[in-house]
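Q: Curious how this folds, go ahead:
(chains A, B, C and D)
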Protein chains: 4
Amino acid sequence: MRIIVEKDYEQMSITVMNLLLAKMYENRKMNIAITAGASPKRMYELLAEEVKNGRNFDNVTYYNFDEIPFKKSGGYGVTVSNLKKDYFDPAGISMDHVHTLTVENHKEHDALLESFGGLDAIFMGIGADGHFCGNMPGFTKFGNKTVEITIPEAMKPALAGEVGGDMEEVPDTFVTMGPRSVMNSKSTIMFATGKGKAEIIKKAFFGPVSEDIPSSVFQLHPDFTLVLDEDAASEIKDLI
Amino acid sequence: MRIIVEKDYEQMSITVMNLLLAKMYENRKMNIAITAGASPKRMYELLAEEVKNGRNFDNVTYYNFDEIPFKKSGGYGVTVSNLKKDYFDPAGISMDHVHTLTVENHKEHDALLESFGGLDAIFMGIGADGHFCGNMPGFTKFGNKTVEITIPEAMKPALAGEVGGDMEEVPDTFVTMGPRSVMNSKSTIMFATGKGKAEIIKKAFFGPVSEDIPSSVFQLHPDFTLVLDEDAASEIKDLI
Amino acid sequence: MRIIVEKDYEQMSITVMNLLLAKMYENRKMNIAITAGASPKRMYELLAEEVKNGRNFDNVTYYNFDEIPFKKSGGYGVTVSNLKKDYFDPAGISMDHVHTLTVENHKEHDALLESFGGLDAIFMGIGADGHFCGNMPGFTKFGNKTVEITIPEAMKPALAGEVGGDMEEVPDTFVTMGPRSVMNSKSTIMFATGKGKAEIIKKAFFGPVSEDIPSSVFQLHPDFTLVLDEDAASEIKDLI
Amino acid sequence: MRIIVEKDYEQMSITVMNLLLAKMYENRKMNIAITAGASPKRMYELLAEEVKNGRNFDNVTYYNFDEIPFKKSGGYGVTVSNLKKDYFDPAGISMDHVHTLTVENHKEHDALLESFGGLDAIFMGIGADGHFCGNMPGFTKFGNKTVEITIPEAMKPALAGEVGGDMEEVPDTFVTMGPRSVMNSKSTIMFATGKGKAEIIKKAFFGPVSEDIPSSVFQLHPDFTLVLDEDAASEIKDLI
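A: Predicted coordinates:
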């Protein structure tokens, strides 16, 4: 476990971008899964600038690692739509370089990744409950590969925000790479920003490895890097 | 997870030897942890022949991953004594090429491995209870690094066999690399022989990932190879 | 440059086999080019035994690196015919796992290899004139990629032996991966046996790098291994 | 050979920095040789900003690959002095992280590098005469390892500029890693800017491999990357 602490969100974004570029610049085909969401927004702004200025990353195939479909409208789901908006479109990356995981194709996802030689790297955020990808506590087990998960009725109103506020768009299921699929990636990289993540960072990486805190599983990965800003690292200062 | 099934113990031994030689022949320094015990005896016989015939593996440093000290006599513990007898001595390997983990130095073991660049590979057997190294169910947690474990009084008579039948040699503690330390190895390789292992093989690698069956943790390793003879694979024939 | 000296042809054959198996056992797709000829005959005998006993090397694709076509009969050329006879057939390897370089497809060979991620390893012999693959002194330059070479009339009688003694089978051209294509392989391995090679071994690896001795180019490769028996190493004993 | 063309010096500098950061961010010890001179000045300005903002690259050891000593004053030579001024000092890198090649220690340089596991990467410029490091045409052969070279009297006035204009500082010899030592690096990266380099770029990478144009040797390296701005690439536009 390598822990990198940066002074603020901007520096954390630069470092995560550099770690991602480091994979992209390898002189061979690279399979890289990346996260949507709020934490990487600045990183994608910076990265899009780098990428659109003409450098050629034809060696890179991008993957989403979870997906929430729009029930009514269909098309790309929430994750890929956000990745398009935040990164692929501003960077001028054609969807030919993106392999989209969907509810429909998720059963073939692990076999397909294996046939491609597996993921070289996966870049993830962490939730305040310790979730990574769609692995919320109680939803998946460490042994799960890519799975479809039924969304409890009680959770649907909270999900409406993700699909644009329209309850009719909230799907009945979503898909996610499970812990086992994610742990198969050669490198795993997680990043977090802000005081709101400080407590879970301590629990996940300095507490027991437990399915109650899904991200704690990365204590067991041979090539795991955690990038934090000082706020997110505030509870572990004396431990590193 | 790569599973290789061989027809019998002899072929399994050859294949494990070949996997070990593959690491030894890499054109760089290699840190390799290896197991003592009954399962690898034939493999070490074959390997000692290969190694003693003059090929030079100065690039290899060997490690034991657990140790049971002799309480009365001291000196090398059970694991390293057996490795010497079964492999190092017949192969003509000097103890200069062996880093011995002991009760005395175990607290520095993880930091030391990290300073050496980490283990490149670890070769292990599996117990009928699913243990690997000294990680018996209930003795360690997935999050444990290298640890010293107090031996319950009730278990001491059973341990006497390991130390030559003399109860006065049974120690109060032993040391083992914990799951977290082992999972940090770049490659992990496990092998098993015989009908007696068939049931645990199915549970550990086709059941849930759980501390109740410590070896199930290898479902989560990005480079794990399992080598079995047909007997050990008899319960998983339809699953692979 | 790593130099391994074995006591005789048998041990050299075992070591070259082990180096080849080391590549085959990697837990990913491997592209490996191998040599036909007299030197590897014993190695292939040993290897075929290993491979035919049921272990599965579906991850390996084999390549020939040169080819002399049969002018009259067509079909597989001299190199692939010999590889079939000496290794693929006894080992039970289907030709589906072999990519055959031919006069017809040689112009696409380098681009094809690149699209496959390049060669992981190439195993070669060395000629008494210092040639490797079909790179005889004066026939190719260091900068050559895969090329078709016109056979001088004066050389044709000597070549008749290769094609079964029938002058009508001697072709007008042959193909070979050139020095530049071979040097692109991630690992390069060369082996030699017998007093007859001792002189060229000294010149090629302890003399100047020069197109006059094509194999001297491997002094410049970052992962080159040379395996010799004591006879072949007899002129360099004091240099290593 | 991977060729990356950027629109101008600024973009070329960013890309070379990203390639260097990609090596620095690897999660293991890295040995990296870097060039002084005019071409990398902007790259080092950008990189120093990245590095001094607190990220920790304790895993990186830097090497110079040639050195011109100051004859009168002694101390660090021309290359390391420039690296200090342009990069190490502004970036806040302690000289503890730099291994300095000197005239005094050059005979041990290759053995030392080998004991450290070899160079992971070397970043170089190219001269208008095709030289790299101190390998001017006619001064070294492809087979040379690290060598001390006697400076011809006729060349000394031209060298005065390098040592601050004082003829008394011009040394009698300088040292450089030779082609063989440089080719041993796992990755080799070269960059060039401006019209003045366009002609040599074409000759070195699209002409014959020859000691007359030392940089042509990189056509033979399995992991070579060439980064150019549009001016430096102007003569090879139709070839890539």
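
Q: Next, the buried residues of stretch A:78-98.
A: Neighbour counts using 16 or more other C-beta atoms under 10 Å in any protein chain shown place A:78-84, A:86-88, A:90-91, A:93, A:98 of stretch A:78-98 among the buried residues. (Glycine included, C-beta is placed from N, CA and C.)

Q: Out of the residues you listed, the closest to chain D would be?
A: Each of the buried residues of stretch A:78-98 was scored against chain D by C-beta to the nearest C-beta, and A:Ala91 proved nearest at 14.6 Å.

Q: so what's the backbone phi/psi at A:Ile213?
A: phi -130, psi 90 (degrees, to the nearest 10).

Q: is it true that it touches A:Lys202?
A: No - in this structure, A:Ile213 is not within contact of A:Lys202 by C-beta atoms under 8 Å, at 10.4 Å.

Q: More neighbours: which of those two?
A: A:Ile213 (19 against 16; other C-beta atoms under 10 Å in any protein chain shown).

Q: how far away is the nearest residue to that one once chain neighbours are set aside from chain D?
A: With C-beta to C-beta, 6 or more residues apart in numbering or on different chains as the criterion, A:Ile213 has its nearest non-adjacent residue at 3.7 Å, and that residue is A:Gly130. Between A:Gly130 and chain D the distance, using C-beta to the nearest C-beta, to the nearest Å, works out to 23 Å.

Q: Kindly report the same for A:Ala111.
A: Distance from A:Ala111 to chain D, by C-beta to the nearest C-beta: 28 Å.

Q: The helix or strand that contains that residue vs chain B: in contact?
A: Taking DSSP states H and E as the criterion, A:Ala111 maps to helix A:109-115. No - Helix A:109-115 stays clear of chain B (C-beta under 8 Å from any C-beta of the partner chain), getting no nearer than 10.1 Å.

Q: How about A:Ala121, nearest residue that isn't a chain neighbour?
A: A:Ser187 (4.2 Å).

Q: still on that earlier bit, list the buried residues in the helix holding A:Ala111.
A: For helix A:109-115, by 16+ other C-beta under 10 Å, it's A:109-110, A:113.

Q: Also stretch A:21-35?
A: A:21-25, A:27, A:30-35.

Q: Equivalent analysis for stretch A:163-179, please.
A: A:163, A:169-171, A:174-179.

Q: now swap in stretch A:113-127 and tell me
A: A:113, A:118-127.

Q: Go through these and say which is closest to chain D.
A: A:Ala121 (11.0 Å).

Q: Please report the distance of the residue nearest to A:Ala121 from A:Leu119.
A: 8 Å (C-beta to C-beta, to the nearest Å).

Q: which of the buried residues of stretch A:21-35 come close to chain D?
A: A:21-23, A:25, A:27.

Q: Next, format the residues you listed as CSV and append distance to chain B and pLDDT.
A: Shown next, in CSV, are these (distance: C-beta to the nearest C-beta, whole Å; pLDDT from 0 to 100):
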residue, distance to chain B, pLDDT
A:Leu21, 22, 95
A:Ala22, 18, 94
A:Lys23, 15, 96
A:Tyr25, 21, 93
A:Asn27, 19, 90
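
Q: Now do the nearest residue to A:Lys195 once chain neighbours are set aside, the pLDDT please.
A: In this structure, A:Lys195 finds its nearest non-sequential neighbour in A:Asp231, 4.6 Å apart by C-beta to C-beta, 6+ apart. Looking at A:Asp231, its pLDDT reads 98.

Q: ditto for A:Lys197
A: pLDDT, A:Lys197: 97.

Q: wait, isn't it in contact with A:Glu230?
A: No - if you go by C-beta under 8 Å, A:Lys197 and A:Glu230 don't touch, sitting 11.6 Å apart.

Q: the more surrounded of these two?
A: More crowded of A:Lys197 and A:Glu230, by other C-beta under 10 Å: A:Lys197, with 24 against 19.

Q: Provide the secondary structure category for the residue of chain A found nearest chain D.
A: Nearest residue of chain A to chain D, counting by C-beta to the nearest C-beta: A:Ala22, 3.7 Å away. Applying DSSP: H, G, I helix; E, B strand; the rest coil to A:Ala22 yields a three-state assignment of helix.

Q: before we move on, what about A:Val217?
A: Secondary structure of A:Val217, per three-state DSSP, is helix.

Q: Tell me the residues of chain A that contact chain C?
A: So chain A meets chain C at A:28-29, A:117 (C-beta under 8 Å from any C-beta).

Q: Among the buried residues of stretch A:78-98, which lie within strands?
A: Counting by DSSP state E, the buried residues of stretch A:78-98 place A:Val98 in strands.

Q: Make JSON lines from the buried residues of stretch A:78-98 and add distance to D:Gly138 and pLDDT to it.
A: Formatted as JSON lines, the buried residues of stretch A:78-98 follow (distance: C-beta to C-beta, whole Å; pLDDT from 0 to 100):
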{"residue": "A:Val78", "distance to D:Gly138": "64", "pLDDT": "97"}
{"residue": "A:Thr79", "distance to D:Gly138": "60", "pLDDT": "97"}
{"residue": "A:Val80", "distance to D:Gly138": "58", "pLDDT": "98"}
{"residue": "A:Ser81", "distance to D:Gly138": "61", "pLDDT": "97"}
{"residue": "A:Asn82", "distance to D:Gly138": "59", "pLDDT": "97"}
{"residue": "A:Leu83", "distance to D:Gly138": "55", "pLDDT": "98"}
{"residue": "A:Lys84", "distance to D:Gly138": "56", "pLDDT": "98"}
{"residue": "A:Asp86", "distance to D:Gly138": "55", "pLDDT": "97"}
{"residue": "A:Tyr87", "distance to D:Gly138": "51", "pLDDT": "98"}
{"residue": "A:Phe88", "distance to D:Gly138": "51", "pLDDT": "97"}
{"residue": "A:Pro90", "distance to D:Gly138": "51", "pLDDT": "97"}
{"residue": "A:Ala91", "distance to D:Gly138": "47", "pLDDT": "96"}
{"residue": "A:Ile93", "distance to D:Gly138": "47", "pLDDT": "96"}
{"residue": "A:Val98", "distance to D:Gly138": "52", "pLDDT": "97"}
